[in-house]
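Trainee: Take a look and give me a structure for this.
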Amino acid sequence: MQDAPLGWISDAVTRVVEGRRFAVVASIVSGGDPTGADLGRKLLVERDGPHTGTLGNPELDEAVASDARSAMEDRRSQVVHYKHPSAPDVGVDVFLEVLEPQPQLLVVGAGHIAVPLAQFGKMLGFEVVVLDDREKYANVERFPTVDRVIAADFGPTLQDFPISPATYVVIITRAHTYDEESLRIILHEPWAYLGMIGSRRRVQTVLRTLAGEGYDQDRLGDIRAPIGLDLGSETPEEIALAIIAEVAAVRRGGSGQPLSKIVRPVSMEAPA
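Mentor: Next up, the predicted model:
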């Protein structure tokens, strides 16, 4: 934690946004020092990083940082009231502004399922990037609305690709060897979602291979494979819908269960 110079906020926010990281900008909006000297002080709290700036008191900074992490998990900006540590009779109102990066959908493999999947991703507000080693498939003619189309080898490209906690990775390549090549790199990165398409046999082959190479069992268990929600999908569009539905559920914390089973009234008796 450091007391930052004037103008730090714009530089810090730019760094957070460019790095696709979650953060909270905490600002004292009322109360504080009886003289008003604390008003406007700011503290930047990153989910997986250091604090920048200060609200003028270490105890207050720590209390705010704890609540800021909860606000990031809930994705909800809010005003929180605190007792000022150096003046217990003085209340401090702090606005916790959540900075949430734009989610990024990285589609590894540009086959027939990737086309509707990329369209769904754009509809849901994702930055969409499509990667395939075949120019015949990875081109702007097939993906006119996405943000980037990369025609290059999987391994070297993923090695340099900036995967972040806001990146949702969907692996839909044409062969398990490409799945394994991609996973060997992605498994070390801080993704938000990682799913892989394939039959039960193909998925088992890939996971057993990576387990045999020493990859962590818990980390392998976090891979959504076979990918998607059970919609009974058959067509490429239906499969893409099942995939993006699971991605959306993970992003928003949904269960993927039918709402009729969750919120439907138990009693259906006619009113008296």
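
Trainee: Can you get me a residue count around Pro190?
Mentor: 12 (other C-beta atoms under 10 Å). Any C-beta I mention is one placed from the backbone N, CA and C, and that applies to glycine too.

Trainee: Please disregard the earlier target; I meant Gly221.
Mentor: 9.

Trainee: What about Ala270, how many residues nearby?
Mentor: 5.

Trainee: Likewise for Asp222?
Mentor: Quick note: Asp222 (other C-beta under 10 Å) scores 12 neighbours.

Trainee: Correct me if wrong: it contacts Tyr193.
Mentor: No. In this structure, Asp222 is not within contact of Tyr193 by C-beta atoms under 8 Å, at 9.2 Å.

Trainee: Specify the residue ranges that define each domain of the chain.
Mentor: Using automatic domain parsing, the domain parsing of the chain gives 20-99, 104-252.

Trainee: Nearest to Thr14 among those domains would be which one?
Mentor: domain 20-99 (10.8 Å; C-beta to C-beta).

Trainee: And stretch 17-29, end to end?
Mentor: 24 Å (C-alpha to C-alpha, to the nearest Å).

Trainee: ok, back up a step: compare the mean pLDDT across the domains of the chain and name the weakest.
Mentor: Mean pLDDT is lowest for domain 20-99 out of the domains of the chain, coming in at a mean of 85.

Trainee: so how far is it from its chain's centroid?
Mentor: 23 Å (C-alpha atoms, centre = their mean, to the nearest Å).

Trainee: Which parts of the stretch 101-250 of the chain are strands?
Mentor: 104-108, 127-132, 148-151, 167-171, 193-196 (DSSP state E, counting those that start in this stretch).

Trainee: And the residue nearest to Lys83 when sequence neighbours are not counted, its phi and psi?
Mentor: In space, and not counting its chain neighbours, Lys83 is closest to Gly91: 6.7 Å by C-beta to C-beta, 6 or more residues apart in numbering. Phi and psi for Gly91, reported as degrees, to the nearest 10, are phi -90, psi 150.

Trainee: Contact partners for Gly91?
Mentor: Ser30, Gly31, His81, Tyr82, Lys83, His84 (C-beta atoms under 8 Å, 6 or more residues apart in numbering).

Trainee: which two in these are spaced the farthest apart?
Mentor: Ser30 and Lys83 (13.6 Å).

Trainee: anything in contact with each of these two?
Mentor: Joint contacts of Ser30 and Lys83 (C-beta under 8 Å, 6+ apart) are Gly91, Val92.

Trainee: Give me the contacts around stretch 12-19.
Mentor: Ala4, Ala23, Val25, Leu44, Glu46, Thr52, Gly53, Leu99, Pro101, Ser164.

Trainee: My assumption is that the third one lies in a strand; please confirm.
Mentor: Read that as Val25. Yes. Using DSSP: H, G, I helix; E, B strand; the rest coil, the assignment for Val25 is a strand.

Trainee: these two touch, right, it and Glu97?
Mentor: Yes. Using C-beta under 8 Å, Val25 is in contact with Glu97, at 4.6 Å.
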